[in-house]
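1. need coordinates for the below:
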Amino acid sequence: MKLNDDFLNLNIDTEKKLNSNQEKILKANLKIFDEAIKKIEKEGCVVRDAKGNVLVHPALDVQIKVSKLILDLIK
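-> Next up, the predicted model:
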């Protein structure tokens, strides 16, 4: 899945218009979201720590947090 500037062109039913600063924030967050997806696709959903324990990939947490920020921005 790739999110980019085309996302901004979608007809989203929002309660408010984004100002230029909010659009910059949205674009930055979409870039972070994209990078997290690429990292997960490359490395998998789980990683191992220094002791060899299996952990959920930290990029998944980033993806969730950024998703919430994006939704808050466009609501």
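2. residue at max distance from the center of this structure?
-> K51 (28.8 Å; CA atoms, centre = their mean).
3. can you classify that one as helix, strand or coil?
-> coil (DSSP: H, G, I helix; E, B strand; the rest coil).
4. okay, it: pLDDT?
-> With respect to pLDDT, K51 scores 96.
5. do you know how far it is from H57?
-> Applying CB to CB, to the nearest Å, the value for K51 to H57 is 17 Å. Any C-beta I mention is one placed from the backbone N, CA and C, and that applies to glycine too.
6. same check, this time on K68
-> K68 is 18 Å from H57, where distance means CB to CB.
7. what does I25 give?
-> 25 Å.
8. center of the chain - which residue?
-> F33 (2.3 Å).
9. what sits against it?
-> L3, Q63, V66, S67, I70 (CB atoms under 8 Å, 6 or more residues apart in numbering).
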